[in-house]
Structures are given as structure tokens and as C-alpha cells.
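pasting a predicted model and its sequence here:
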Amino acid sequence: MDKKAIYLEWQDPESHDAWDEWDKIPTTLATIYSIGFIIKETKDMYVLALNVDPRNKSCSCTMLIPKKLVIKKRLIKDVKRSKRTT
């Protein structure tokens, strides 16, 4: 399989649609920990997928993650596809 697996730690901007008192609105970003296959990569973005089907060149459970929000990244090695085709 030609898609690389990656581990990312990234800051996720949040939004809230409820009415809150000003002093109760969070002012810190959530740190998110994601593992997935790199489906596409641009200079600004990663597109990760949780599931991939190389036979049909399709994927599911995708996320678009801005690179400027990534704190830490690490390629995951030794991702090998089994010989099974069914």
C-alpha cells in the first residue's frame, strides 16, 4: 500500500453555539491525538483517513487537519498489507 500512516498531535479550535456568560467561555484549544493514513497532503493541510481500500482507491472517516495547528508528528513504520485479498 502506498499510503503512509502518521500520528499527529494538534490543536483543535472549538466553537460553541450556546449562550454563555463571557467569563465561562473557554480560552484554550483542545489537544487532539490522531492516527491515520495520509490520503492527501498540501503545503498547508493533511487529509487523513481512518480506513483505506487500496483495491478501489477509496477511504472513509476522513479529517482535514491544518499543518499550522500540528504540535507533533511521527510517521508510523512497518504498516504492511496482508496477502489476503478477500
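Structure's in. What do you need? Everything quoted here is computed from the prediction, not taken from an experiment.

ok, now which ones touch Lys24?
The contact partners of Lys24, by CB atoms under 8 Å, 6 or more residues apart in numbering, come to none. All C-beta atoms are positioned from the backbone trio N, CA, C, and that covers glycine.

what about it, distance to Leu50?
34 Å (CB to CB, to the nearest Å).

stretch 77-86 - what's its average pLDDT?
Averaged across stretch 77-86, the pLDDT comes to 65.

likewise for stretch 57-71?
96.

list the buried residues of that stretch.
Neighbour counts using 16 or more other CB atoms under 10 Å place Cys59, Ile65, Leu69 of stretch 57-71 among the buried residues.

can I get it in CSV? Just the C-alpha atoms.
Provided in CSV are the C-alpha atoms of stretch 57-71 (Å, rounded to 0.1, in the frame of the first residue of the first chain):
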residue,chain,number,x,y,z
LYS,A,57,-8.6,3.6,-4.1
SER,A,58,-11.3,4.7,-1.6
CYS,A,59,-11.3,5.7,2.0
SER,A,60,-13.6,6.6,4.9
CYS,A,61,-13.6,8.6,8.1
THR,A,62,-11.5,11.5,6.8
MET,A,63,-10.2,14.5,8.6
LEU,A,64,-8.7,17.8,7.3
ILE,A,65,-6.0,19.0,9.6
PRO,A,66,-4.2,22.3,9.1
LYS,A,67,-0.4,21.9,9.4
LYS,A,68,0.0,25.1,11.3
LEU,A,69,-2.0,23.5,14.2
VAL,A,70,0.2,20.4,14.4
ILE,A,71,2.3,20.2,17.5
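
which residues are contacting it?
Residues outside stretch 57-71 that contact it (CB under 8 Å, 6+ apart): 8-13, 29, 31, 34, 36-37, 39, 43-53.

so what's the backbone phi/psi at Lys68?
Main-chain torsions, Lys68, degrees, to the nearest 10: phi -70, psi -10.

measure it to Glu21 for me?
Taken as CB to CB, the span from Lys68 to Glu21 is 31 Å.

can you check Ala49 too?
Distance, Ala49 to Glu21, by CB to CB: 39 Å.

same thing with Asp2?
51 Å.

now Glu14
Note on Glu14: its distance to Glu21, by CB to CB, is 17 Å.
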